[in-house]
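Engineer: pasting the sequence and the predicted coordinates here, then a few questions.
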Amino acid sequence: MKKTIQIPLGSQHISLLEPIRFKFECENEKIIGVDADVGFVHRGVELACTRSFEFKQVGYVVARVCGLCAITHSLSYTLAVEKLLGYEANDRIKYLRMLMVELDRIHSHMLCLAHTAENAGFEALFMQIMGDRELIMDVQEAISGNRVQFDYISIGGVNRDMTPELTALIHKNLRLLSDKIDALIGLFDNNWSLSLKYKGVGVLSLKDAYTYNALGPLARAAGLATDVRAETNDFPYETLGYQMILESSGDIHARNFVRLREIVNSMEICRNIIDNLPVGEIQEKAKGKPNGEAVVRVEAPRGELFYLVRGNGQNMLERVRIKTPTFSAIPAMMEVFKGSEYADAPAILASFDPCMSCTAK
Amino acid sequence: MKFFSAFRKKSPWVLHYNAGSCNGCDIEILAALGPKFDLERFGVINTGNPKQSDIFLVTGPVTYRSRERLVELYSQIPEPKVVVAVGSCTTTGGVFRGMYNVEDGIDRYIPVDVYVPGCAASPQLIIDALVKGLDVLEAKSKEIEHPFKLFGTIEMIGNKLSRLNMAKKVEQHEKN
Ligand code: SF4
């Protein structure tokens, strides 16, 4: 029998933003088994949504499940409740909601890229991407009043309107950003030292992606065509220039590239939204109490976000079930670790862009 | 000790721990370290090692499972240390207050020096808090360097330390 050693990573580690603990079973440098412990940040949001908050407040509470994709959480919850109330938002509201979701996707992807670069030992690139990301943060702050946790979406509409100055600001910042993203694409593609860390490392094959239920950029990097934006018709994504981004090699490099190209695509969607913004009210009355059960799926930056909301005609809901992308993708992540070098583990982990506060809720 | 305190003031190293936050404040800390807000101009470096840190940045309302780690990390940071609670949920529990797995703020477990409100706390506020934390750190290092800290107030005659009076106090203390 060969001897193996166990190496822990986490729960507190410089390369981790959030507490998660891995137990790697290593044979020399190779990882042959992984065990993950994700429950450090469990707070009990689901229960509190049905006990201590009324359904009108819950949208702002579920946003605090995760700061990075807060807007997708409040959007999915709001959509579910609106379905129960039998209310359909007008086009202007839909467009504004989409705009925020896409901006959020851009900044979340950029954070992930920065983090992957840092974990590959490229500190300067981390700083560069974080600096470029501020362009989007400025836009978000100007639109909603806060940099993260913007509480922009409420039941029956959105909380702030678009003004001509904002439109100009968005155009300006997106123009600046698109040059920088082009430069980043060149860098990620051609830089030799990055390619050593990324190309062929942490590979997830198409078959594995399918069997282990990979989601979001992780699946699309392996060539699995899955994207909720293309599968549902809650929002008019097709008319606004949405494209499914697919890569085939399934390694860290492919995941970075899916993210970079999705940023480009999202920027195009944002431009199309503000150029073709329909006129209309931004707040409409959605009357009544939620009664019945509704299921909503929305594409968060990390993959499919699933909400189930059940109400019984009261102010308090009966059940709120949140299934987050990272939670569903854990089996696929575990699979990628097996067979890779221990030294690559932080970079591989960062390239999944895991979100623990989503997972544990 | 004197030797180190000069560096400590110019270059405090921070340890960041997420005790159940929503990530909102964590990414704002990262943004504050990034080029736009540039915390590093104060010499601040984010370390992952409690033994080398001076300032403990905590986010999150302290979940049931992160309590021990929080206290463990706190006790591993060498004295003098400053604790900064970033975000509304860290200071009071915020939106998570009263949830079943949450302990409503970190000051139930460790003493906090600087509180930063806001959900999410903005990078500007985080910078202010760290600058404030530097003052606290300096005051604390002075206190530690004082040899008679254990025996109550300092005795002064005019503007000089009265060694005789203080030595008497020590004697008294040993007798009791
Ligand atoms: S204060 Fe708000 S944004 Fe910050 S960690 Fe807590 S819930 Fe998240």
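Structural biologist: Done, it's in.
Engineer: tell me where the model's unsure across chain B.
Structural biologist: B:1-9, B:144-154, B:159, B:161, B:176 (pLDDT under 70).
Engineer: tell me the residues of it that contact the ligand?
Structural biologist: B:21-22, B:24-25, B:59-60, B:87-89, B:94-95, B:119-120 (CB under 6 Å from any ligand atom). Where you see a C-beta, it was placed from the backbone N, CA and C, and this is true even at glycine.
Engineer: now with 5 Å?
Structural biologist: B:21-22, B:24-25, B:87-89, B:119-120 (CB under 5 Å from any ligand atom).
Engineer: which residues does the spatially closest residue to residue A:51 that is not a sequence neighbour contact?
Structural biologist: Take residue A:51 and drop its neighbours on the chain: the residue closest to it by CB to CB, 6 or more residues apart in numbering or on different chains is residue A:316, 7.4 Å away. Residues near residue A:316 by CB atoms under 8 Å, 6 or more residues apart in numbering or on different chains: A:50-51, A:54-55.
Engineer: quick one: residue A:260 and residue A:183 touch, right?
Structural biologist: No - under the criterion of CB atoms under 8 Å, residue A:260 is not in contact with residue A:183, lying 10.7 Å apart.
Engineer: quick revisit: take the residues of chain B next to the ligand and keep only those in helices.
Structural biologist: B:24-25, B:88-89 (DSSP state H).
Engineer: where does the residue in the stretch 151-300 of chain A that chain B sits nearest to land in three-state SS?
Structural biologist: Ranking the residues of the stretch 151-300 of chain A by distance to chain B (CB to the nearest CB) places residue A:151 first, at 9.3 Å. Per DSSP: H, G, I helix; E, B strand; the rest coil, the secondary structure class of residue A:151 is coil.
Engineer: which SS state does the residue lying closest to it once chain neighbours are set aside fall under?
Structural biologist: Among residues not flanking residue A:151 along the chain, residue A:60 sits closest, at 5.4 Å (CB to CB, 6+ apart). What three-state DSSP gives for residue A:60 is helix.
Engineer: right, and residue A:60 touches residue A:77 too?
Structural biologist: No - assessed by CB under 8 Å, residue A:60 is found out of contact with residue A:77, at 9.4 Å.
Engineer: residue A:260 and residue A:183: which is more packed in?
Structural biologist: residue A:260 (21 against 12; other CB atoms under 10 Å in any protein chain shown).
Engineer: check contacts around the more buried one.
Structural biologist: Taking CB under 8 Å, 6+ apart as the test, what residue A:260 contacts is A:109, A:113, A:181, A:184-185, A:188.
Engineer: mind running it again at 6 Å?
Structural biologist: residue A:185 (CB atoms under 6 Å, 6 or more residues apart in numbering or on different chains).
Engineer: just the element for it, please.
Structural biologist: helix A:252-275 (DSSP states H and E).
Engineer: tell me which helix or strand comes right after that helix.
Structural biologist: Toward the C-terminus from helix A:252-275 - assigned by DSSP H and E - lies strand A:291-300.
Engineer: in the stretch 1-150 of chain A, which residue sits nearest the ligand?
Structural biologist: Evaluated by CB to the nearest ligand atom, the stretch 1-150 of chain A has residue A:64 as its residue closest to the ligand, separated by 4.3 Å.
Engineer: wait, that residue touches residue B:95, no?
Structural biologist: Yes - counting by CB atoms under 6 Å, residue A:64 touches residue B:95, with 4.9 Å between them.
Engineer: between these two, which is the more surrounded one?
Structural biologist: Using other CB under 10 Å, the more surrounded residue of residue A:64 and residue B:95 is residue A:64, with 28 against 23.
Engineer: contact partners of stretch A:204-224?
Structural biologist: With CB under 6 Å, 6+ apart, stretch A:204-224 has contacts from A:226, A:245-248, A:250, A:254-255, A:258-259, A:302-304, A:325, A:328-329, A:331-332, A:335-336.
Engineer: also stretch A:264-277?
Structural biologist: A:95, A:98-99, A:102, A:105-106, A:167, A:170, A:174, A:178, A:240-241, A:243.
Engineer: just how off-centre is that stretch within its chain?
Structural biologist: 18 Å (CA atoms, centre = their mean, to the nearest Å).
Engineer: give me the mean pLDDT for it.
Structural biologist: Stretch A:264-277 carries an average pLDDT of 86.
Engineer: what are the C-alpha coordinates of that stretch, in PDB please?
Structural biologist: Taking Å, rounded to 0.1, in the frame of the first residue of the first chain, the C-alpha atoms of stretch A:264-277 are listed here in PDB:
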ATOM      1  CA  VAL A 264     -17.500  41.400 -23.700                       C
ATOM      2  CA  ASN A 265     -20.900  40.000 -24.500                       C
ATOM      3  CA  SER A 266     -22.400  41.500 -21.300                       C
ATOM      4  CA  MET A 267     -21.000  44.900 -22.200                       C
ATOM      5  CA  GLU A 268     -22.700  44.600 -25.600                       C
ATOM      6  CA  ILE A 269     -26.000  43.700 -23.900                       C
ATOM      7  CA  CYS A 270     -25.700  46.700 -21.600                       C
ATOM      8  CA  ARG A 271     -25.100  49.000 -24.500                       C
ATOM      9  CA  ASN A 272     -28.100  47.600 -26.300                       C
ATOM     10  CA  ILE A 273     -30.300  48.000 -23.200                       C
ATOM     11  CA  ILE A 274     -29.500  51.600 -22.600                       C
ATOM     12  CA  ASP A 275     -29.800  52.500 -26.300                       C
ATOM     13  CA  ASN A 276     -33.200  50.800 -26.700                       C
ATOM     14  CA  LEU A 277     -34.700  51.600 -23.300                       C
END
